[in-house]
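1. would you be able to build a 3D model of this:
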Amino acid sequence: MLPEPVLQQAAAEMLDWHGSGMSVMEMSHRGKEFIAIHAQAEADLRELLSIPKNYKVLFLQGGAAAQFAVVPLNLLRGKDRADYALTGYWSKRAIAEARRYCKVNIAASSEDGKFSYAPAQDKWKLDPGAAYVHMTSNETIDGVEFHWVPETGDVPLVADASSHILSRPLDVGRFGLIYAGAQKNIGPAGLTIVIVREDLTGQADPHTPSVFDYKVQAEADSMTNTPATYAIYIAGLVFQWLKQLGGLARMEELNVAKAKLLYDYFDQTEFYYSPVAKSDRSRMNVPFRLRNDKLDTEFLKQAESAGLTQLKGHRAVGGMRASIYNAMPLSGVQALLDFMRQFERKHG
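-> Numbers count the residues shown, from 1 in each chain. Next up is the predicted model:
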């Protein structure tokens, strides 16, 4: 979901942005109007995340999946290996792509538990010669979230934070690089945010396309090629909405309250259950199952009739999944909970 105030403002400005006579979609990315939109969006993101001055903020394209390749192209810096944590579907995808460019050491894995937990720090086996350590800090499909930051010593830590960025405060200085597709908590699909420590740029593989070279893009203010202008504009409105809400500390309070409603219910019912370890449950993506999976089809059918859509779990894992990103109101979660209780009374 996108915040309703953001959609309302975008609708009001659709035909004429601030008296310019143009829609944002019609603007030149080199014109003063869009340059102002872009600059404000970056400034607001820096404020929200307290991004240190020695980090570059890039607005790129290609989705987080492109970063699976772009990260090793930029961060190997002459080395031939990197550490990866294997914690679910998306980290597995990142690992497969990285193996095209370097040797991958699986530094930590939860595959033995069907990706139902985040490996504890004492289980990590880091390679001191690795170029970087990569983690997927929230696995959307498996519903596992890191609520702590791994210690990686002098080796830069890289996080795919696509599905929980801006859902809570984040200590950017603990990471060498953070990347995130925008389509969960930031804006429409088509925009990817990269936050990279400046000293990690400028040593990309010689075969790296210029549009994927962090230093080239940083020097061009993310405009080596035409950026995703409208997506950046919407992202900027979301950043302003978050600031008006009270920032990321307030957003975290709201997200904790929403997730707690569902998880508390799962912990007291015998009809549904959560497959994820309690300490590692995602606040954004809540997978759950019916103990009698023969009722799955009927559950989804009745849920859709009640206006509760897209609850079917990913085909890779099955079951159900409720994604409750920032803009999902508490009332939406309560509506799901009310339906689940009603379904349990009828079929339990």
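2. just checking, L245 touches M251?
-> Yes. Using C-beta atoms under 8 Å, L245 makes contact with M251 at a distance of 6.3 Å. For every residue, glycine as well, the C-beta is placed using N, CA and C.
3. so for those two, which residue has more residues nearby?
-> M251 (20 against 14; other C-beta atoms under 10 Å).
4. what's the pLDDT at that one?
-> Predicted confidence (pLDDT) at M251: the value is 98.
5. would you agree it falls within a helix?
-> Yes. Assessed with DSSP: H, G, I helix; E, B strand; the rest coil, M251 lies in a helix.
6. what about the strands in the stretch 201-348 of the chain?
-> 272-273, 285-290, 320-323 (DSSP state E, counting those that start in this stretch).
7. compare those and give me the one nearest N105.
-> Nearest to N105, of all those, is strand 285-290, at 27.1 Å by C-beta to C-beta.
8. contacting residues around that closest one?
-> Identification of contacts with strand 285-290 by C-beta atoms under 8 Å, 6 or more residues apart in numbering yields 138-143, 163, 259, 262-263, 266, 271-276, 296, 299, 313, 317-324.
9. quick check: can you name the pairing partners of it and their directions?
-> strand 272-273 (antiparallel), strand 320-323 (antiparallel) (DSSP bridges).
10. save those as JSON lines, and put in mean neighbour count, mean pLDDT and distance to I195 too.
-> As requested, those are arranged in JSON lines below (neighbours: other C-beta atoms under 10 Å; pLDDT from 0 to 100; distance: least, C-beta to C-beta, whole Å):
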{"stretch": "strand 272-273", "mean neighbour count": "18", "mean pLDDT": "97", "distance to I195": "36"}
{"stretch": "strand 320-323", "mean neighbour count": "20", "mean pLDDT": "96", "distance to I195": "23"}
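11. now the ones you listed in JSON lines, with distance to L45?
-> JSON lines is the format used below for these (distance: least, C-beta to C-beta, whole Å):
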{"stretch": "strand 272-273", "distance to L45": "37"}
{"stretch": "strand 320-323", "distance to L45": "22"}
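12. out of these, which gets nearest to R168?
-> strand 320-323 (16.0 Å).
13. contacts for the closest one?
-> 140-141, 143, 184, 262, 284-290, 296, 299-300, 310-314, 333, 336.
14. filter the residues you listed down to the buried ones, PyMOL style.
-> Applying 16 or more other C-beta atoms under 10 Å to those leaves a buried subset, and the PyMOL line that selects it is:
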select buried, resi 140+141+143+184+262+284+285+286+287+288+289+290+296+299+300+311+312+313+333+336
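15. which of the contacts of strand 320-323 fall in helices?
-> By the criterion of DSSP state H, membership of these in helices covers 262, 296, 299-300, 333, 336.
16. which of those lies closest to H134?
-> Ranked by distance to H134 (C-beta to C-beta), these are led by L262 at 29.4 Å.
17. show me where the stretch 51-200 of the chain has strands.
-> Using DSSP E, counting those that start in this stretch, strands in the stretch 51-200 of the chain cover 55-60, 81-86, 103-109, 133-136, 138-139, 144-145, 157-160, 177-181, 192-197.
18. format those strands as a markdown table; extra columns: distance to A69 and mean neighbour count.
-> Converted to a markdown table, the strands of the stretch 51-200 of the chain look like this (distance: least, C-beta to C-beta, whole Å; neighbours: other C-beta atoms under 10 Å):
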| stretch | distance to A69 | mean neighbour count |
| --- | --- | --- |
| strand 55-60 | 13 | 21 |
| strand 81-86 | 12 | 23 |
| strand 103-109 | 13 | 18 |
| strand 133-136 | 12 | 27 |
| strand 138-139 | 20 | 28 |
| strand 144-145 | 24 | 26 |
| strand 157-160 | 13 | 25 |
| strand 177-181 | 12 | 25 |
| strand 192-197 | 12 | 24 |
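19. nearest residue to G62 in space, please, no chain neighbours.
-> T192 (6.2 Å; C-beta to C-beta, 6 or more residues apart in numbering).
20. you'd agree L308 is up against Q334?
-> No. In this structure, L308 is not within contact of Q334 by C-beta under 8 Å, at 11.4 Å.
21. quick one: which of these two has more around it?
-> L308 (18 against 13).
22. what sits against P52?
-> 172-173.
23. how much space between it and R197?
-> P52 is 8 Å from R197, where distance means C-beta to C-beta, to the nearest Å.
24. what's the answer for T297, then?
-> As judged by C-beta to C-beta, T297 and R197 stand 48 Å apart.
25. rewinding a little: the residue nearest to G62 reaches A65, doesn't it?
-> No. Look at T192 against A65 with C-beta under 8 Å: they stay out of range, at 9.2 Å.
26. any shared contact partners between those two?
-> G181.
27. isn't K258 up against R283?
-> Yes. Under the criterion of C-beta under 8 Å, K258 makes contact with R283 at 7.4 Å.
28. find residues that contact each of those two.
-> Joint contacts of K258 and R283 (C-beta under 8 Å, 6+ apart) are I324.
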